[in-house]
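S.K.: A structural model of the following input is requested.
(chains A, B and C)
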Amino acid sequence: MSVEERLAALEKRVQTAEDQLEIIRLLNTYGPAVDSGANHEAAALWIEGGAYDAGGVARFIAPKDLIAMYESQGQIDLIRTGSAHLTATPHITLKGDAAEAVAYSFVIKREGDRWFVWRAAANHWSLVRTADGWRIKERFNRTIDGSDTSHETLRRALKS
Amino acid sequence: MSVEERLAALEKRVQTAEDQLEIIRLLNTYGPAVDSGANHEAAALWIEGGAYDAGGVARFIAPKDLIAMYESQGQIDLIRTGSAHLTATPHITLKGDAAEAVAYSFVIKREGDRWFVWRAAANHWSLVRTADGWRIKERFNRTIDGSDTSHETLRRALKS
Amino acid sequence: MSVEERLAALEKRVQTAEDQLEIIRLLNTYGPAVDSGANHEAAALWIEGGAYDAGGVARFIAPKDLIAMYESQGQIDLIRTGSAHLTATPHITLKGDAAEAVAYSFVIKREGDRWFVWRAAANHWSLVRTADGWRIKERFNRTIDGSDTSHETLRRALKS
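M.R.: So this is what the prediction gives:
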């Protein structure tokens, strides 16, 4: 291979590694934001018009619906009690300027001197590269409850 | 350094980063596969003849024993109840076309409207690079129960 | 861009990816070390004179105070019962030879045939690059208890 070809190949491979690390970082920003009441920062992880489809609960459009949900009394009570929105390390599939990620998420909530798993879910994120870096286009979220829809969400990690 | 030396050094370093990201991705495929009943896909994370040594329980040889175990009634009941096989981000050590990884794993199971940690384990994976990418040669798994063997499994993260 | 400029840009980008992967690996060494009684190895993740500020409990200076704490009866009982010090994948911000990381940590403890979340915390690590690789200068740790200080610790992930 020529120097030009080797440089071009390296630039592409480094971009691929960077994209994965950036998406991991993006998804790891969510928990610290929502658990500390940084509601605008949490909603800004989505593109404008992006969606959070929290199955069986609601479909929130970013940023307005998300911020309203984070500002609700239930959410305020949750973070005053003490919560950790843990996003597991995602299984990422890159497709140029789009990407897919699948991961478990858990909401761990304080109860006296212990913590318990208040919510466990399967998630599928559709992501897009923007001028400001990777952002969420849609987060599709289904509770880990043995349902077909939860299994189908997890299986999206296996399709590519 | 010459251009040739710098290119060669970069190619090696990028390979090292890619190997780590690929191994993280491989291990993160396991949970979504077993928790959704994608049993063949889960077993295909191992090389043929590879092993899952689930201490005190059994030693499963891939793919046949693994698929039989995933198809057992106990496993079917587990995923219908709702389970998350969470693999923590591994501590990886690369050795050319082989690699070692150490990480905690947890099986989080639904019980009514909560989830609990049904199993917590220490894991040591021996991995090999194949024509199709990284695969598991052996997964050595011991319950987090204070035993010497569980401590020894965790200490494998410290040897290299 | 010239070949020289492209090589220099690639070297910088690869360093950035390597730094993130190395910091993830460093923080993932902690649990396997403390949970297996490898106390000196755990303390050696800090620079000499580095600190573990475990809020409301104590401020431990590395390596001496940390080793003394790990050798305490409480810690011995904990690892004989069976514990997993799980560090979630951190949100990392690199600043040359220094870095910041924010992540949840959990201590998962055995109780009979189950495990429960014995401690959940927000963490902020200040890291430094040394001749031996990245090390912890300070780990600032606050329990997930709804307090302002826990929220402030999490918000440090959003500042850069």
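
S.K.: ranges for the helices of chain A?
M.R.: Here chain A has its helices, by DSSP state H, at A:3-34, A:39-43, A:64-70, A:73-81, A:148-155.

S.K.: and A:R80, what is it in contact with?
M.R.: C:G146 (Cβ atoms under 8 Å, 6 or more residues apart in numbering or on different chains). For glycine as for every other residue, the C-beta is placed from the backbone atoms N, C-alpha and C.

S.K.: May I see the buried residues of stretch A:143-153?
M.R.: A:143-147, A:150-151, A:153 (16 or more other Cβ atoms under 10 Å in any protein chain shown).

S.K.: With stretch A:9-19 instead?
M.R.: Here stretch A:9-19 shows A:10, A:13-14, A:16-19 as buried, counting by 16+ other Cβ under 10 Å.

S.K.: chain center to it: distance?
M.R.: The chain centre lies 22 Å from the centre of stretch A:9-19; the measure is Cα atoms, centre = their mean, to the nearest Å.

S.K.: if we look at chain B, which of the buried residues of stretch A:143-153 are close to it?
M.R.: A:143-147, A:150-151 (Cβ under 8 Å from any Cβ of the partner chain).

S.K.: what's in contact with the helix or strand of chain A with the lowest mean pLDDT?
M.R.: When each helix and strand of chain A is scored by mean pLDDT, DSSP states H and E, strand A:58-61 comes last, with a mean of 94. The contact list for strand A:58-61, computed with Cβ under 8 Å, 6+ apart, reads A:49-54, A:65-66, A:69.

S.K.: Show the buried residues in those.
M.R.: Judged by 16+ other Cβ under 10 Å, buried ones among those: A:50-54, A:66, A:69.

S.K.: Out of those, which is nearest to chain C?
M.R.: Among those, A:L66 lies closest to chain C (Cβ to the nearest Cβ), at 15.7 Å.

S.K.: doesn't A:I47 make contact with the closest one?
M.R.: No: applying Cβ atoms under 8 Å, one finds A:L66 not in contact with A:I47, separated by 11.9 Å.

S.K.: Quickly note the distance from the closest residue to A:G55 other than its chain neighbours to chain B.
M.R.: Spatial nearest neighbour of A:G55, excluding adjacent residues (Cβ to Cβ, 6 or more residues apart in numbering or on different chains): A:R142 at 4.5 Å. Distance of A:R142 to chain B, computed by Cβ to the nearest Cβ, to the nearest Å: 10 Å.

S.K.: Would you check how far apart A:R142 and A:L154 are?
M.R.: Distance of A:R142 to A:L154, computed by Cβ to Cβ, to the nearest Å: 9 Å.

S.K.: Give the other helices and strands that the lengthiest strand in chain A contacts.
M.R.: What stands out as the longest strand in chain A, according to DSSP state E, is strand A:114-130. Applying 3 or more Cβ pairs under 8 Å, 6 or more residues apart in numbering or on different chains; DSSP states H and E, one finds that strand A:114-130 contacts helix A:3-34, strand A:83-87, strand A:98-111, strand A:133-143, helix A:148-155, strand B:98-111, strand B:114-130, strand C:114-130.

S.K.: Provide the strand pairings for the second one, with the direction of each partner.
M.R.: Spelled out, it's strand A:83-87. strand A:98-111 (antiparallel) (DSSP bridges).

S.K.: okay, the angle between the strand it pairs with and strand C:114-130?
M.R.: 120 degrees (axes from the mean of the first three to the mean of the last three Cα atoms, to 10 degrees).

S.K.: Would you mark the buried spots in strand A:98-111?
M.R.: A:99-110.

S.K.: Just put those in JSON lines and tack on pLDDT.
M.R.: Shown next, in JSON lines, are these (pLDDT from 0 to 100):
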{"residue": "A:A99", "pLDDT": "98"}
{"residue": "A:E100", "pLDDT": "97"}
{"residue": "A:A101", "pLDDT": "98"}
{"residue": "A:V102", "pLDDT": "98"}
{"residue": "A:A103", "pLDDT": "98"}
{"residue": "A:Y104", "pLDDT": "98"}
{"residue": "A:S105", "pLDDT": "98"}
{"residue": "A:F106", "pLDDT": "98"}
{"residue": "A:V107", "pLDDT": "98"}
{"residue": "A:I108", "pLDDT": "98"}
{"residue": "A:K109", "pLDDT": "98"}
{"residue": "A:R110", "pLDDT": "98"}
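
S.K.: returning to that earlier point: export the ones next to chain B among the buried residues of stretch A:143-153 to a markdown table and tack on pLDDT?
M.R.: Converted to a markdown table, these look like this (pLDDT from 0 to 100):
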| residue | pLDDT |
| --- | --- |
| A:T143 | 97 |
| A:I144 | 98 |
| A:D145 | 97 |
| A:G146 | 98 |
| A:S147 | 97 |
| A:S150 | 97 |
| A:H151 | 98 |
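
S.K.: got the contact list for A:M1?
M.R.: Taking Cβ under 8 Å, 6+ apart as the test, what A:M1 contacts is A:A9.

S.K.: Tell me where chain A is predicted with low confidence.
M.R.: Within chain A, the segments meeting pLDDT under 70 span A:56, A:160.

S.K.: At the contact with chain C, which residues of it appear?
M.R.: Going by Cβ under 8 Å from any Cβ, the residues of chain A near chain C are A:3, A:7, A:10-11, A:14, A:17-18, A:21, A:24-25, A:28-29, A:31-33, A:35-38, A:41, A:79-84, A:86, A:89, A:108, A:110, A:114-117.

S.K.: hmm, which of these are the buried ones?
M.R.: The neighbour count (16+ other Cβ under 10 Å) marks A:7, A:10, A:14, A:17-18, A:21, A:24-25, A:28-29, A:31-33, A:35-38, A:41, A:79, A:82-84, A:86, A:89, A:108, A:110, A:115-117 as buried among the residues of chain A next to chain C.

S.K.: Just list the residues touching A:R139, thanks.
M.R.: A:46, A:51-53, A:123-125.

S.K.: Could you work out the most separated pair of the residues you listed?
M.R.: Distance extremes for these: the farthest pair is A:W46 and A:H124 at 14.4 Å, using Cβ to Cβ.

S.K.: Just the closest of the contacts of strand A:58-61 to chain B, please.
M.R.: Closest to chain B, out of all of these and judged by Cβ to the nearest Cβ, is A:A54, at 15.8 Å.

S.K.: how about the nearest residue to that closest one, chain neighbours excluded?
M.R.: Closest to A:A54 by Cβ to Cβ, 6+ apart is A:N141, at 4.9 Å.

S.K.: wait, A:I108 sits on A:A120?
M.R.: No: between A:I108 and A:A120 there is no contact under Cβ under 8 Å: 9.6 Å.

S.K.: now the closest residue to A:H40 other than its chain neighbours: how far from chain C?
M.R.: Setting aside the residues directly before and after it, A:H40 is nearest to A:I67 in space (Cβ to Cβ, 6+ apart), at 6.4 Å. Going from A:I67 to chain C by Cβ to the nearest Cβ gives 15 Å.

S.K.: Near A:I67, how many other residues are there?
M.R.: 16 (other Cβ atoms under 10 Å in any protein chain shown).

S.K.: I figured it hits A:G37, correct?
M.R.: No: the pair A:I67 / A:G37 is not scored as a contact, 11.1 Å apart, by Cβ under 8 Å.
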